[in-house]
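Participant: what follows is a protein structure lacking sequence information:
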């Protein structure tokens, strides 16, 4: 793990790093020492590790004492885009424009990335927990949309993750993994989501096997999650990781 | 308004009162002086002002500085049960046993009580806000099941109420009033509710005209709302009434 830069502001230290081919950012409380709970933030499709929603969550969590890490997903942010991934994205867009089932198209794109994304997160989790100011505390995951689609296979593969905030995605391609989920989940639905049909979102919530799962739905489109859900996710993760 | 008893424990003062024919309880922080936000708690069908769920919410809110009031709904708790109401309840139960639409039966029972319940709440709200340790601060309402069915007509009739936590009820008989709701609403759904079909709950949430509305759904039956929703409702009411 190689650190590239470090800055502190408003009580939070932000460290850019690379781990092999994976570019990432680690946020911790300024002056943090010793073990603390860690939250992995998975960004949405077409976004990256410093997308505004990621940074807003990360700083809010870090101020409360958490360590928080985000990485660029395969084919996103600073990472190279393979010809195959470019082709899959182009076909997904063309299919959507042609009125094909967007749930199936998005699931296909996520399925292409999931194997690499899970391996990336497992390597980053191991590396970050070796740092003195992170340590091997409890781990949570937060990801919406593609961050949910790549997060569910990660969580079922990774016993270190003990709670998750997920959502903004339908059940397509995820039913089997959802049926293997056991950790507590807070699941967000946008009631007027133009990308994810409401019944597909509710079906994914329904499919989660977790004994504790709680659904939060709010009016508005895919990108319109209200800001109070950041505090709500903080409360949920604090309850399960502290 | 006549006070019957006053006791204090764990930082909360509990005062039983009657206002005319209406028996009620007022909770305030021990030693409270001056104006504070007020929360009206509406109990469920067959319950009363001191039902365990009511008391748990009341004490949690009062510890945080709120004044909280609960009253017996018409035909409930210490209040006389009219022959007509007894007949309606008996018919409702017989209809449910015979497999009739429970949403329609429950809505009929609520409709019978709503006029009196709204008048009761308006009188109690006026009387309680005249007290020195309550005053005319912002007002919220929290009620599930019958507390939702009587709360929605109250809120659309009563401009002093500025935010509400509702739920555990379907849309039957409430669509018109729901379309007149404008205050922020947090709406609870039990995902496996044996009394309220899921689609009827979601239809009531959908029908609320409030620009800010947020749905929380949790696994379990009608009575199984998880205890963390008490804190969540406190956060919601604090955000809108402070």
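Facilitator: Received the coordinates, thanks. Just so we're clear, the structure is a prediction, and the values are computed from it rather than from any experiment. Numbering: from 1, shown residues only, chains lettered A, B, ... in the order given.
Participant: torsion angles phi and psi at residue A:196?
Facilitator: phi -120, psi 110 (degrees, to the nearest 10).
Participant: actually residue A:55, not the one I typed
Facilitator: phi -60, psi -40.
Participant: burial count for residue A:14?
Facilitator: By other CB atoms under 10 Å in any protein chain shown, 20 other residues sit near residue A:14. In short, each C-beta sits where N, CA and C put it, glycine included.
Participant: who does it form a beta bridge with?
Facilitator: Applying DSSP bridges to residue A:14 gives these bridge partners: residue A:7, residue A:27.
Participant: quick check: pLDDT value at it.
Facilitator: pLDDT for residue A:14: 98.
Participant: which parts of chain A sit against chain B?
Facilitator: Proximity of chain A to chain B (CB under 8 Å from any CB of the partner chain) is limited to residues A:189, A:191, A:205-206, A:211-219, A:226, A:228, A:231-232, A:235, A:239.
Participant: in chain A, which helix or strand is least confident?
Facilitator: helix A:83-97 (a mean of 94; mean pLDDT, DSSP states H and E).
Participant: downstream of that helix, the next helix or strand is which one?
Facilitator: Later in the chain than helix A:83-97, the nearest helix or strand by DSSP states H and E is helix A:102-129.
Participant: quick one: that following helix to helix A:83-97, angle?
Facilitator: Computed with axes from the mean of the first three to the mean of the last three CA atoms, to 10 degrees, the direction of helix A:102-129 lies at 140 degrees from that of helix A:83-97.
Participant: same question for helix A:102-129, mean pLDDT?
Facilitator: 96.
Participant: mind giving me the packing neighbours of that helix?
Facilitator: Packing contacts for helix A:102-129, counted by 3 or more CB pairs under 8 Å, 6 or more residues apart in numbering or on different chains; DSSP states H and E, involve strand A:12-19, strand A:22-29, strand A:38-42, strand A:67-71, helix A:83-97, helix A:146-157.
Participant: show residues contacting the helix or strand harbouring residue A:214.
Facilitator: Assessed by DSSP H and E, residue A:214 sits inside strand A:213-218. Contact with strand A:213-218 is made by A:167, A:184-191, A:202, A:205, A:224-226, A:229, A:232, A:236, B:189, B:191, B:205, B:213-219, B:226, B:228, as judged by CB atoms under 8 Å, 6 or more residues apart in numbering or on different chains.
Participant: one more time with 7 Å
Facilitator: For strand A:213-218, contacts defined as CB atoms under 7 Å, 6 or more residues apart in numbering or on different chains pick out A:184-191, A:205, A:225-226, A:229, A:232, B:214-219.
Participant: export the helices and strands packed on helix A:102-129 to CSV and tack on distance to residue B:71?
Facilitator: Shown next, in CSV, are the helices and strands packed on helix A:102-129 (distance: least, CB to CB, whole Å):
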stretch, distance to residue B:71
strand A:12-19, 48
strand A:22-29, 47
strand A:38-42, 44
strand A:67-71, 46
helix A:83-97, 54
helix A:146-157, 44
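Participant: derive a PyMOL selection command for the buried subset of the contacts of strand A:213-218.
Facilitator: Here is the PyMOL selection string for the buried members of the contacts of strand A:213-218, based on 16 or more other CB atoms under 10 Å in any protein chain shown:
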select buried, (chain A and resi 184+185+186+187+188+189+190+191+205+225+229+232) or (chain B and resi 214+215+216+217+218+219)
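Participant: burial of the nearest residue to residue A:158 once chain neighbours are set aside, as a residue count?
Facilitator: The shortest distance from residue A:158 to any non-neighbouring residue, by CB to CB, 6 or more residues apart in numbering or on different chains, is to residue A:122 (6.1 Å). By other CB under 10 Å, 15 other residues sit near residue A:122.
Participant: next, work out how far apart residue A:122 and residue A:159 are.
Facilitator: According to CB to CB, to the nearest Å, residue A:122 and residue A:159 sit 11 Å apart.
Participant: tally of neighbours for the closest residue to residue A:150 other than its chain neighbours?
Facilitator: Nearest residue to residue A:150, sequence neighbours excluded (CB to CB, 6+ apart): residue A:117, at 4.3 Å. When counting by other CB under 10 Å, one arrives at 24 neighbours for residue A:117.
Participant: my guess is residue A:117 meets residue A:75, correct?
Facilitator: No - applying CB atoms under 7 Å, one finds residue A:117 not in contact with residue A:75, separated by 9.6 Å.
Participant: let me know the outermost residue of chain A.
Facilitator: Here the centre of chain A is the reference, and by CA atoms, centre = their mean the most remote residue is residue A:98, at 28.9 Å.
Participant: now do the same for that one: its pLDDT.
Facilitator: Model confidence at residue A:98, given as pLDDT, is 94.
Participant: quick one, phi/psi of it?
Facilitator: The phi/psi pair for residue A:98 (degrees, to the nearest 10) reads phi -90, psi 0.
Participant: can you tell me how far the residue lying closest to residue A:153 once chain neighbours are set aside sits from chain B?
Facilitator: With sequence-adjacent residues excluded and distances taken as CB to CB, 6+ apart, residue A:153 is closest to residue A:114, at 4.7 Å. For residue A:114, the distance to chain B (CB to the nearest CB, to the nearest Å) stands at 26 Å.
Participant: mind listing what's buried in stretch A:194-206?
Facilitator: Buried residues in stretch A:194-206, counted by 16+ other CB under 10 Å: A:195, A:196, A:198, A:200, A:201, A:202, A:203, A:204, A:205, A:206.
Participant: low-confidence ranges in chain A?
Facilitator: Low-confidence segments of chain A, defined by pLDDT under 70, are absent.
Participant: what about 90?
Facilitator: Within chain A, the ranges that satisfy pLDDT under 90 run A:101-102, A:242.
Participant: contacts only, for residue A:71.
Facilitator: Residue A:71 neighbours (CB under 7 Å, 6+ apart): A:22, A:23, A:24, A:49, A:120, A:124.
Participant: just list whatever residues bridge to it.
Facilitator: Beta-bridge partners, per DSSP bridges, of residue A:71: residue A:24.
Participant: now swap in residue A:185 and tell me
Facilitator: residue A:164, residue A:213.
Participant: ok, it touching residue A:210?
Facilitator: Yes - in this structure residue A:185 lies within contact range of residue A:210 using CB under 7 Å: 4.9 Å.
Participant: let me know the closest of the contacts of residue A:71 to chain B.
Facilitator: Nearest to chain B among the contacts of residue A:71 is residue A:49, at 28.2 Å by CB to the nearest CB.
Participant: mind listing the strands the one helix or strand residue A:142 maps to pairs with, and their directions?
Facilitator: Taking DSSP H and E as the definition, residue A:142 sits inside strand A:139-143. In the sheet, strand A:139-143 lines up against strand A:38-42 (parallel), strand A:161-167 (parallel) (DSSP bridges).
Participant: could I get those in TSV, plus columns for mean neighbour count?
Facilitator: Output for the strands paired with strand A:139-143, formatted as TSV (neighbours: other CB atoms under 10 Å in any protein chain shown):
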stretch	mean neighbour count
strand A:38-42	27
strand A:161-167	26
